[in-house]
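**Student:** Got a predicted structure here, sequence first:
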There are 2 protein chains.
Amino acid sequence: MCPDESIPDDVKEKAMKATFRALCKHGYADLTMKKIADESDKCKSTFHYHYDTKEKLLVNFIEFLLEGFKDRMVPDTEDPLEKLNGLIDNMLFGLADEETTESFHTALLEIRSQAPYNERYREQITENDQYIKKVVSDIIREGIEKNRFKDVNAEETATVILSAIDGARARQISTNRNATKELRSSLDWIIEDLLLE
Amino acid sequence: MCPDESIPDDVKEKAMKATFRALCKHGYADLTMKKIADESDKCKSTFHYHYDTKEKLLVNFIEFLLEGFKDRMVPDTEDPLEKLNGLIDNMLFGLADEETTESFHTALLEIRSQAPYNERYREQITENDQYIKKVVSDIIREGIEKNRFKDVNAEETATVILSAIDGARARQISTNRNATKELRSSLDWIIEDLLLE
DNA sequence: TAAACCTGACTGACCAATCAGTCAATACGT
DNA sequence: ACGTATTGACTGATTGGTCAGTCAGGTTTA
């Protein structure tokens, strides 16, 4: 069967959740179809039946992961500063408990590190990247228009903030330091100095 | 044999170069002892003879990789602004050709993404992380003392700059955009606004 | 001198375990 | 009854790692 829209929703949800759990538990390099299946109540063959190959399952998974990311990042508020700070918090600390957030970011970084070898991964990540950059630069532009922010270059400011967030997430999971917390307080000061007053 | 100092220098060099080439060519997830050996004029068993296990070889490799990184990043100049900009350039664009730099950053990101599952990887990366942060904050402090920079918090500024560099490197290799070039021009403006007058 | 011995470097053949993927048989839902 | 969903058993390929043995070069012995 082809991995298109013909997969039942309940199976798809089980597949995605199982893939997520297996990826968090074992890491991308040690991720196998058996380990994915073991995280669900289905067996290995069932996932082959629905997705054909491991790669197709994983491409579907990335899509699922980034789609969920999009939906839940932007906080529901009108004030540009609140919206910006809320988005930064969501991106650095996630929406669930600390462990789930750490696992989520680990999964994302593992997929990122595989992107150079897989164009489909790269396309998905690029699209997500451009989306979030538009969101942040729109917030900054809105702040400027409402005279809440100084008249900075919105694109460049967004680039630095988003790059720093990505970097902090990578450092958070690959070092023994609390890199996201460090960046949060550093960004507070940067935003104060660059955007406000 | 144990993977200590008893390994001949020429063998060690061949092992490290072969590991680097294999890692760049196949990615961490598909990295095997055979593929490493195939990148050298030695056979698989030889690397097992010198390093025992695949993991010990890779821990040695990370040490080798980060040591080389340390040695070559800081530019030889007295002027704080020149030194800071030179370091940023070196970290974003590397010292060799573009292809080698991209491969190097890919290898680093792959190892980073594996750090959550391997404490020895994490220790190495943490140490390297702290080293480079000290270098950057020292440069900023020096600039403040010489009245070339504004009186900012050196630690927090270094955190943002280094996080952004890490993030841009991750985006550079995992998207279809030129993220390092984008960040470089954004950082120009940030440095102008934050550090200079 | 030369034969015997030793050692570290290296190799190809081999192993059990595991991999992604296949397939015939079966269970299920309508 | 019929198509979809699911399974366990299976396959060929590949994995990290082992091992017996080869080889070059140095040291000891006769």
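**Tutor:** Great, that's in hand. Numbering: from 1, shown residues only, chains lettered A, B, ... in the order given.
**Student:** closest point of chain A to DNA strand D, which residue?
**Tutor:** A:Ser45 (3.0 Å; CB to the nearest atom of the strand). C-betas here are computed from N, CA, C, even on glycine.
**Student:** helix, strand or coil for that residue?
**Tutor:** Following DSSP: H, G, I helix; E, B strand; the rest coil, we place A:Ser45 in the helix state.
**Student:** Could you report the neighbour count for it?
**Tutor:** Residues near A:Ser45, counting by other CB atoms under 10 Å in any protein chain shown, number 10.
**Student:** ok, now A:Asp76?
**Tutor:** Residues near A:Asp76, counting by other CB under 10 Å, number 6.
**Student:** roughly how far out does stretch A:123-141 sit from the chain middle?
**Tutor:** For stretch A:123-141, the distance between its averaged C-alpha position and the chain's averaged C-alpha position is 12 Å (CA atoms, centre = their mean, to the nearest Å).
**Student:** same thing with stretch A:34-45?
**Tutor:** Counting by CA atoms, centre = their mean, stretch A:34-45 is centred 25 Å from the centre of its parent chain.
**Student:** With adjacent residues omitted, what lies nearest to A:Thr19?
**Tutor:** A:Phe61 (4.6 Å; CB to CB, 6 or more residues apart in numbering or on different chains).
**Student:** end to end, how far does stretch A:43-56 reach?
**Tutor:** Length of stretch A:43-56, first residue to last, CA to CA, to the nearest Å: 17 Å.
**Student:** Report the mean per-residue pLDDT for that stretch.
**Tutor:** For stretch A:43-56, mean pLDDT rounds to 93.
**Student:** That stretch and DNA strand C, are they touching?
**Tutor:** Yes. Using CB under 7 Å from any atom of the strand, stretch A:43-56 comes into contact with DNA strand C via A:44-45, A:48-49, A:52-55.
**Student:** Just the buried ones among these, please.
**Tutor:** With burial judged by 16 or more other CB atoms under 10 Å in any protein chain shown, the buried subset of these is A:His48.
**Student:** now the residues of stretch A:43-56 next to DNA strand C as JSON lines including secondary structure?
**Tutor:** Putting the residues of stretch A:43-56 next to DNA strand C into JSON lines (three-state DSSP) gives the following:
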{"residue": "A:Lys44", "secondary structure": "helix"}
{"residue": "A:Ser45", "secondary structure": "helix"}
{"residue": "A:His48", "secondary structure": "helix"}
{"residue": "A:Tyr49", "secondary structure": "helix"}
{"residue": "A:Asp52", "secondary structure": "coil"}
{"residue": "A:Thr53", "secondary structure": "coil"}
{"residue": "A:Lys54", "secondary structure": "helix"}
{"residue": "A:Glu55", "secondary structure": "helix"}
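**Student:** Pull the most distant pair out of the residues of stretch A:43-56 next to DNA strand C.
**Tutor:** A:Ser45 and A:Glu55 (16.9 Å; CB to CB).
**Student:** one step back: can I get the residues of stretch A:43-56 next to DNA strand C in CSV including distance to A:Ala158?
**Tutor:** Rendered in CSV, the data for the residues of stretch A:43-56 next to DNA strand C read as follows (distance: CB to CB, whole Å):
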residue, distance to A:Ala158
A:Lys44, 43
A:Ser45, 46
A:His48, 42
A:Tyr49, 43
A:Asp52, 39
A:Thr53, 37
A:Lys54, 36
A:Glu55, 33
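**Student:** just to revisit the earlier point, which residues touch the helix or strand harbouring the residue nearest to A:Thr19?
**Tutor:** If you go by DSSP states H and E, A:Phe61 is part of helix A:54-73. Applying CB atoms under 8 Å, 6 or more residues apart in numbering or on different chains, the contact partners of helix A:54-73 are A:3, A:12, A:15-16, A:19-20, A:23, A:33, A:36, A:47, A:51, A:87, A:90-91, A:95, A:104, A:107-108, A:111, A:118, A:120-121, A:124-125, A:127-128, A:131-132, A:135.
**Student:** Please apply the same query to stretch A:6-13.
**Tutor:** Stretch A:6-13 is touched from outside by A:1, A:15, A:42, A:46, A:50-51, A:60, with contacts defined as CB under 8 Å, 6+ apart.
**Student:** Okay, buried residues for that stretch please.
**Tutor:** Within stretch A:6-13, the residues scored as buried using 16+ other CB under 10 Å are A:7, A:11-12.
**Student:** right, quick check: the longest helix that chain A contains against chain B, any contact?
**Tutor:** Longest helix in chain A by number of residues (criterion: DSSP state H): helix A:119-145. Yes. Against chain B, helix A:119-145 shows contacts by CB under 8 Å from any CB of the partner chain at A:121-123, A:125-126, A:129-130.
**Student:** Give me the helices and strands touching that helix, please.
**Tutor:** helix A:54-73, helix A:80-93, helix A:98-114, helix A:154-174, helix B:154-174 (3 or more CB pairs under 8 Å, 6 or more residues apart in numbering or on different chains; DSSP states H and E).
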